[in-house]
Every structure is written in C-alpha cells, then in structure tokens.
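A.B. asks: I would like to see how this sequence folds:
(one chain, ligands or ions: 1)
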Amino acid sequence: MFEPTYTAALSRLNTFTPQAGRDYANKRNYDDVAHVSALSPYIRHRIITEKDVLQATLARHSPQAAEKFIQEVYWRTYWKGWLEMRPGVWAMYRADLQAALNRVQTESGLRHEWEAACKGETGIDCFDHWAKQLTETGYLHNHARMWFASIWIFTLRLPWTLGADFFMRHLLDGDPASNTLSWRWVGGLQTIGKTYLARPDNIIKYTEGRFRPKGLATFAAALEGTPHPDRGPLPVSGEIDSNVRTGLLITEEDLSPGWLLQQFRSRATATLLATPHRSPLAMNDKVNKFTHGALTDCVNRYAEQLGTVTDVTPETLDAWAKTHDLDQIVTSYLPIGPTRDALKNVKLVEVIRPYDAAAWPHATHGFFRFKEKIPGLLGKMQNKAA
Ligand SMILES: Cc1cc2nc3c(=O)[nH]c(=O)nc-3n(C[C@H](O)[C@H](O)[C@H](O)COP(=O)(O)OP(=O)(O)OC[C@H]3O[C@@H](n4cnc5c(N)ncnc54)[C@H](O)[C@@H]3O)c2cc1C
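C.D. replies: Now for the predicted structure:
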C-alpha cells in the first residue's frame, strides 16, 4: 500500500489534493482511507514535507475551504513543538514503558491480555480488526487510532505505554511526538482531566455499520500520572560554517535534504537509520523496510550532490568523519525521539527548518491557541525556503 519513494508520495499528494477541501471536512471522520490523504508515512519522514503538502493544497483551495485539512497537518507540527519544550515527557514515556514491559515479564495475567490485544484476539471485533489491520498494513485511520487507544486503556485496562509501543512497532508513520502525546490525550494525561471515550454509536456511525461493539467501557476516568514538566526553552538552530570541511548526515527524520544542500557543498554523506530504536521490542519488518527503502530513494534522488555515501551507526559516525577529514557534520535538526537519543553523544550542527522555527514557539499551550496562529504561519511559510 505504501511504496517508500518520493514519486509515490507525490502521486498520492496529487491524487488527494482535489479532495482536501469540503470533501475532507465532511467525510474525514469515516474509517475509510478513501476520505483521507494517507500521506502520514511520507510526511513523518519528510519524504515530502508539511510545506509541500500545504502549498499543493493552497494551490487548489482557499485557506477557508481547506481549513480542516490544513489544521490537521499543523497538528503534527504542534505536537512536535510541544514535545521539544518538554523533552522530559518522552523520557518519562520510555521509563514507564520499560516498567510496563518488566511487569509483562513477571505477571502472566497481564502478559496474556497484552498478547491477546496485540494479536487481535480479544473478542471485541472492531478492536481485533484494527489490531490486525495495523500489523498487516502499517496504517490506521485517525478515528480508528482514537477508538483503539480508548478501548485499550478503558475497556481492556492495559497500561497505555504498552499500547503506544504497539503502535510504534507497527505504524509506518510511528512518530514520538504524535504517538506519545495522542495516547496521553486519550488517557487524560495530556489535557488534564479530558479523556476520549470510544462510544458504540460513534463507531457504528463512522464505520457505516461494519462494527456494532458491545461491552465497551461506559466511563473514562482520567489516568493518574506525573504532572507536565515545566516548559523549557526551544532548541536553537545550528549555524553552518561555510569555511570548513563539511559532511552531511541524513536520517529518517528528514529525507528531503535539498534545503541543506543549498547552503554548503558536502564532501561526503553518512546515512543512519534509528528505526530499531523506536521500541525496546523488535520492530515490524515492514517498518524497517519502509525507512530503509525511503532512505535509499533519498540517496538516489540527491546522488549528484552527496559525494561518497556511507551507512553508519552512532558508534561509527565519528570514525567516518575522521576518514573524510571533516570539521563539521551538518544534519537537519533531530527532534525529540529515538534518533536524537541514539546520537546524543555525537557533535553535530543541527539546522532547524524555518517551517518548524516559525511554528514551534506557538506550541506553548493547547492546540486551540496554536491554531489561531495558522493563518500567519501560512503567510510566513510562503516566503521561506524550507
Ligand atoms: C492514539 C493515536 C496515535 C497516533 N500516532 C501517530 C503516529 O505515530 N504518527 C503519526 O504521524 N500520527 C499519529 N497519529 C495522528 C493521526 O492519526 C495520523 O497522523 C493520521 O491518521 C494519518 O493519516 P492520514 O495521513 O490519512 O491523515 P489525514 O487525515 O489525511 O491528515 C493529513 C496529515 O495531517 C497530519 N495529521 C492528521 N491528524 C493528525 C493528528 N491527530 N496528529 C498529528 N498529525 C495529524 C498527518 O501528517 C497527516 O498525514 C496518532 C493519533 C492517535 C489518536
């Protein structure tokens, strides 16, 4: 269903764009991929960027007509900015997940229920269907993700971190900010006291009667958790020194390095995948293949500007830089998440895209406040290179 190439991303964008106006606003909540873009695996890895998607949308629709779709694209941006200012939430998720996985090792009842949920063997037919759809295709509609997370937390009463990890292992678009914070939102940890309850009438309506679940939780009491850490400063973009020997690092966080290559000449390029670090457990091989294929496609697209290309690991990156006699390694900013964690001991010049730099400072509170800035952000975006 998802070919990991720029050509496939562009083709999907072109096919979807005519629908990004009223059709999307009216039908996007139906659990049917025909009414949404299915662009997330591409945008997540910046095979095409948020800016590409927004510009294509605005070339076809007015900002008013495509308001809903534009807002959805900005949800990703908002979540990323929010997490950048509270990196402790990601660290807490990873620690709580490890604790939940330890419980799975020692508590056979929990292990049994967790395995049944992951295999789609709970007896709740819609939930079982989505579990299988996710593991088989690497994609779920947004509404299905919300219902699934809600049933996981409030009906099956499983630890939310295990559910978030299940998504991270199988989603082609598995994203530390969107995934962690959406699961927290469903469980009532993100917007304090506000939970999301999956209701049978809503599922019947938006699956057009395919599912009529019985026995779902009728009440969703917010989970208890540590309060949000205080908001910290945003990261500052690195400055490229154009007088020294420079290499480029490409990671799965940004597979459109053209905007960086306009700023310096790369003597050599290193490529690094941190996909296996998305979970302490084994990743679905479809996810590994998707990021690997997308990285190969990126290298082929930019081959003439990259110099010698070498696959590296966090452990071999320094040695690679020495071999090529580099003074600096430039990369697109690594957002909070597994790639950043894996490279925490390596000195890099991380450059933040102007799109992110303009939007992230507004992710201070809830999305409601953020979305008021969207018209201004769209205006700024048109004048910036990336
Ligand atoms: C529990 C849960 C977990 C999620 N985990 C992830 C994840 O790991 N990775 C991920 O990319 N998205 C995640 N989402 C957000 C959202 O479900 C997906 O981005 C969306 O379903 C992707 O499908 P699409 O491209 O067809 O979306 P469309 O409806 O076509 O939307 C267009 C684009 O807008 C962005 N977008 C839309 N809705 C959201 C949203 N709620 N939050 C953030 N961005 C959004 C995506 O980039 C998407 O490609 C999660 C949502 C929930 C409720």
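A.B. asks: for stretch 40-59, give the mean pLDDT please.
C.D. replies: Across stretch 40-59, pLDDT averages out at 98.
A.B. asks: and that stretch with the ligand, contact?
C.D. replies: Yes: for stretch 40-59, a contact with the ligand is found by Cβ under 6 Å from any ligand atom, at 40, 43, 44. Just so you know, the C-beta spots here come from the backbone N, C-alpha and C atoms, and that holds for glycine as well.
A.B. asks: out of the residues you listed, which is nearest to residue 188?
C.D. replies: Of all the residues of stretch 40-59 next to the ligand, the one with the least separation from residue 188 (Cβ to Cβ) is residue 40, at 24.4 Å.
A.B. asks: how is the protein divided into domains?
C.D. replies: According to the domain assignment given by automatic domain parsing, the chain is divided into the following structural domains: 6-84+358-382, 89-206, 246-352.
A.B. asks: closest to residue 238 out of those domains?
C.D. replies: Nearest of those to residue 238, taken as Cβ to Cβ: domain 246-352 at 3.9 Å.
A.B. asks: which residues of the stretch 101-250 of the chain lie near the ligand?
C.D. replies: Proximity of the stretch 101-250 of the chain to the ligand is confined to 141-142, 145-146, 149, 167, 171, 173-175, 178-179, 182-183, 186 under the rule Cβ under 6 Å from any ligand atom.
A.B. asks: please list the members of those that lie in helices.
C.D. replies: 142, 145, 146, 149, 167, 178, 179, 182, 183, 186 (DSSP state H).
A.B. asks: ok so, going back, ok, and the most crowded of the residues of the stretch 101-250 of the chain next to the ligand?
C.D. replies: For those, counting by other Cβ atoms under 10 Å, the largest number of neighbours falls to residue 186: 29 neighbours.
A.B. asks: now the helices for the stretch 201-350 of the chain?
C.D. replies: Listed in chain order, the helices of the stretch 201-350 of the chain (DSSP state H, counting those that start in this stretch) span 258-261, 285-301, 303-306, 317-323, 338-342.
A.B. asks: deepest-packed of the ones you listed, please.
C.D. replies: For the helices of the stretch 201-350 of the chain, average neighbour numbers computed from mean count of other Cβ atoms under 10 Å are highest in helix 338-342, which has a mean of 20.
A.B. asks: neighbouring contacts of that helix?
C.D. replies: For helix 338-342, the external contacting residues (Cβ atoms under 8 Å, 6 or more residues apart in numbering) are 176, 251, 252, 253, 272, 274, 275, 277, 278, 314, 334.
A.B. asks: can you pull the contacts of the fourth one?
C.D. replies: Neighbouring residues of residue 253 by Cβ under 8 Å, 6+ apart: 45, 46, 332, 333, 334, 335, 337, 339.
A.B. asks: and the residue of the stretch 201-350 of the chain that's closest to the ligand?
C.D. replies: For the stretch 201-350 of the chain, the residue closest to the ligand is residue 278, as judged by Cβ to the nearest ligand atom, at 9.4 Å.
A.B. asks: what's the neighbour count on that residue?
C.D. replies: Other residues within reach of residue 278 by the criterion other Cβ under 10 Å amount to 24.
A.B. asks: now the residue of the chain most remote from its centre: phi and psi?
C.D. replies: Among residues of the chain, the one most distant from the C-alpha centroid is residue 243; the distance is 35.0 Å, by Cα atoms, centre = their mean. Note on residue 243: its backbone torsions stand at phi -100, psi 0 [degrees, to the nearest 10].
A.B. asks: equivalent analysis for the one 10 residues further on, please.
C.D. replies: Listed backbone geometry of residue 253 is phi -80, psi -20, with angles given as degrees, to the nearest 10.
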